[in-house]
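Novice: Provided below for reference: sequence and predicted model.
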Number of protein chains: 2
Amino acid sequence: MGACPRGRVEEEALEAIRPGPLQLRLLEAFYSMLKRRLEACILERGIRALVEAEGSYAKGTLTSDKWELDVFLLVEGASAAWIKSRGEGLLLECLRGLPVEARYAEHPYVTVRLMGLEADVVIAPRVPRPGAGGTGVERTPFHTRWVREQLERNPCLADDVRLFKAFLKGIGAYGAETRVGGFSGLLAEVLVIYHGGFRLLLEEATHWRPGSYVDPLGLGDEAALRARYPDSPLIVPDPVDPRRNAAAAVTTRRLAELVVAAAAYLERPCTAYYKPSPRPWGPYYKPDPARVAALELLGDYAGEPRDALWGRLTRLASWLAGGLGELGFEVARWEVDTDEATRALVAIELASPAVPGLQLSRGPPAWSVRRALGYIARRAGQGLPYTIAGDGTLRGLRPRRYTRASEALEWLASRPDAPLPRGTREARVHPPGSPGAVEAAALIESRTPSWPLCLALQDA
Amino acid sequence: MGACPRGRVEEEALEAIRPGPLQLRLLEAFYSMLKRRLEACILERGIRALVEAEGSYAKGTLTSDKWELDVFLLVEGASAAWIKSRGEGLLLECLRGLPVEARYAEHPYVTVRLMGLEADVVIAPRVPRPGAGGTGVERTPFHTRWVREQLERNPCLADDVRLFKAFLKGIGAYGAETRVGGFSGLLAEVLVIYHGGFRLLLEEATHWRPGSYVDPLGLGDEAALRARYPDSPLIVPDPVDPRRNAAAAVTTRRLAELVVAAAAYLERPCTAYYKPSPRPWGPYYKPDPARVAALELLGDYAGEPRDALWGRLTRLASWLAGGLGELGFEVARWEVDTDEATRALVAIELASPAVPGLQLSRGPPAWSVRRALGYIARRAGQGLPYTIAGDGTLRGLRPRRYTRASEALEWLASRPDAPLPRGTREARVHPPGSPGAVEAAALIESRTPSWPLCLALQDA
């Protein structure tokens, strides 16, 4: 591996990112056991199917923090309807006796957890080409095959993929799920392969903007993809199904985070960008619980699809931040978390937990005479000043409804139009400085990357 | 006078606005005395000149609060240069023995103060037509004649002029001097005459906007006037010299104040708009000295032209308000005052005398990569949060340099680029709540109109 052209920081980082021999041995044993079980089970039932490992384990792009497998049971000649109605039942029968958990999703799968290892076992129809079939998972075996082929041709890229995945994790942009809105493992692999390496990819990424089309191998039809994904800030044709955007999950925010972090890293490479990292880097800042307010939600969330729940929490947090802003509180950032079962938390970091009772208000121009008179009448009725600025626009003071963020949050959360997630029974506000705020500050801290420290060190 | 068509509120207001008989008798006696003195003096010196009363006394548009005269000594065949070099000396000789005060201005004049009466005695060349001569004052006799002729034709308009002048005073928009930037007495007369009455004028005024051209008699050449006065928000051709804009002094702010007040008055007429007013109306609100900061200036201001001094004070106040705003303090309004001799005061009303130590800051978009990295590096260096918003823009917190308005004001006033008026020796900050702030709050209160109360009463 030393023959691959790579910088000192990347080599140092890889020591921590590459999977260890124990990890590989355990996963292999786990996979063999599952494969044997599944094969015996389908044989017994006369079902013609193939058991195959997928994902980073199968592709050889595993990182040291991933003790997980993806196992696919690919059923010959199965219809999507059959998979949907029988799939989960079949998996549960085949894996009986193992610690198994099923959860609703677009396609049936079960999770097996054993001795710190975890396997997602997916059942899907075996299809002749990607895009046939209906749910999307039947594309996975083709992805596995494509990535393996590419890495066989250029073995250096396996470590480059590992670096990029660890980089994405380190900057908080790894994962296509709604909770993250970032880059999937597959997208990470595709991008590294498309650009021929980690550094080459980062250099390209610094030029990406919302609306970028990334297709260095010329696989896709740009116009068709743009028409099909008008809202995607980034379009990357899927190598096995180029009508599809492999970056459809990427949000503008995560794209922006990659662009900025890539530029910063190229300016000064540093292991703080990677997770796992060879050295323990802390978050670049710790929020002060005296400036953090929390909304704790209690309810029944286990029945909700994960993506929907996280999506609702994100919308709620954004709605609360907007409402606080309108009430005159300055929101620095927010984070949400949930155990996906009974509890969720919205953590909001403010510039200040309390604000003055009066606030500047920008009024209408005097030439909007009716609105101007209403504006003046309100001020006169409350004994508050207004003035006419040099350009003829009114301005004045208005009382803030709340001077404490916790009171404002209480009011917002109790509004009938508050977009609380379905199943919420209770919403509790934890004011800045309280134990609940300490927990919320810890949540924010846990979502805070380390890499800006490298920039600060450079500046110092 | 009862025969003139007018509303009840206007009739009530006029009781207080019309000059009283004693006032008229005293001014008449004062004028006769000055006229006799001046005529004897020029006769003695063999100067051919005419003594004439001008202004509202001469035009019959005097209001009850004006115990002042304008007297012109119009010298036959005098050049502008002769007036400039000899004028003031001649006036001082002619008025010897009277309490006289001379002050530098564009044209020579002296002020005589006697038993509460005041006369500005102006010396100017007698010219054959307005616009001949160089300083502008030689237009005054033509204005006096034009207004008298118009009012003779329609005697009701004299009281309408009085109403409009008192209205302008009540809303703080009366006066063409820099200190006010409003409507001169002549402009008030011209506008009432042009529109045929007070109410008709107010109705028109509600439609005015920056850029309005007001010439119902079609006296002016609109294109030429617009070219000559590109920055005037309001153009009103001077009836005796229509190439000139009689509204050249009006600022956008005062125009806006008239537009809004006219609309409010027409919605509900009320004597609070007038000054003098038949009833004692207080200001519509009283500023709290706990929210008012003051900058007191001590120096030698007697040698400065008034307009220049007031202009500089206004610029200073606006600069201070802008600086406070950049430092995170919300300025509701400000007012300036000076005795035009040794002292000036800038009064600033704030939303709050103190603000939190941190402030929201809007950063660059992530796509401005270099600026974005600098923004992040600063936050990381200070242990402050940043985040990337949904649109890819950075935002974060930044420390405020000052949390008390008085400290911020102290820093601003001591900056070498602070535009303090010429002659300032000392600048003292009076923090909110201090005795100096009480004085400043009183200044703001004295500049606060009453009329918004009428709107509030209507709403209640």
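Specialist: Alright, I've got the coordinates. Numbers count the residues shown, from 1 in each chain, chains lettered A, B, ... in the order given.
Novice: which residues sit in contact with A:R401?
Specialist: Counting by Cβ atoms under 8 Å, 6 or more residues apart in numbering or on different chains, A:R401 touches A:327, A:408, A:411. The C-beta positions use only the backbone N, C-alpha and C, and glycine is treated the same way.
Novice: try it again with 10 Å
Specialist: The neighbourhood of A:R401, defined by Cβ atoms under 10 Å, 6 or more residues apart in numbering or on different chains, consists of A:326-328, A:357, A:359, A:407-408, A:411.
Novice: what's it sitting at in phi/psi?
Specialist: The phi and psi torsions at A:R401 (degrees, to the nearest 10) take the values phi -70, psi -40.
Novice: Relative to chain B, how far out is it?
Specialist: Distance of A:R401 to chain B, given as Cβ to the nearest Cβ, to the nearest Å: 15 Å.
Novice: Check A:R36 too.
Specialist: Relative to chain B, A:R36 is positioned 47 Å away (Cβ to the nearest Cβ).
Novice: go on, A:S232?
Specialist: 14 Å.
Novice: Equivalent analysis for A:G392, please.
Specialist: Distance from A:G392 to chain B, counting by Cβ to the nearest Cβ: 4 Å.
Novice: same check, this time on A:T63
Specialist: According to Cβ to the nearest Cβ, A:T63 stands 25 Å off from chain B.
Novice: so which helix or strand takes in that residue?
Specialist: For A:T63, there is no helix or strand it lies in under DSSP states H and E.
Novice: Just give me the neighbour total for the one residue in the stretch 101-250 of chain A that gets nearest to chain B.
Specialist: At 5.1 Å from chain B, A:R209 is the closest residue in the stretch 101-250 of chain A, using Cβ to the nearest Cβ. A:R209 sits with 15 neighbouring residues when counted by other Cβ atoms under 10 Å in any protein chain shown.
Novice: you'd agree it is up against B:A366?
Specialist: Yes - under the criterion of Cβ atoms under 10 Å, A:R209 makes contact with B:A366 at 9.1 Å.
Novice: helices or strands up against the helix or strand where A:E44 lies?
Specialist: If you go by DSSP H and E, A:E44 is part of helix A:21-45. Under the contact criterion of 3 or more Cβ pairs under 10 Å, 6 or more residues apart in numbering or on different chains; DSSP states H and E, helix A:21-45 touches strand A:49-54, helix A:55-59, strand A:68-76, helix A:80-94, strand A:109-114, strand A:117-126.
Novice: residues near A:P5, how many?
Specialist: Neighbour count for A:P5, taken as other Cβ under 10 Å: 8.
Novice: helix, strand or coil for it?
Specialist: coil (DSSP: H, G, I helix; E, B strand; the rest coil).
Novice: mind listing what it touches?
Specialist: A:156, A:197, A:199.
Novice: quick one on the thing from earlier: for the contacts of A:R401, please prepare a markdown table with the additional fields secondary structure and distance to B:I348.
Specialist: Output for these, formatted as a markdown table (DSSP: H, G, I helix; E, B strand; the rest coil; distance: Cβ to Cβ, whole Å):
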| residue | secondary structure | distance to B:I348 |
| --- | --- | --- |
| A:E326 | helix | 26 |
| A:L327 | coil | 25 |
| A:G328 | coil | 20 |
| A:G357 | coil | 18 |
| A:Q359 | strand | 17 |
| A:E407 | helix | 29 |
| A:A408 | helix | 28 |
| A:W411 | helix | 32 |
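Novice: Buried among these? Make that a PyMOL selection.
Specialist: To isolate the buried members of the contacts of A:R401 in PyMOL, using 16 or more other Cβ atoms under 10 Å in any protein chain shown:
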select buried, chain A and resi 327+328+359+408
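Novice: Looking at the contacts of A:R401, which is nearest A:D337?
Specialist: If you rank the contacts of A:R401 by distance to A:D337 using Cβ to Cβ, A:A408 comes first, at 21.5 Å.
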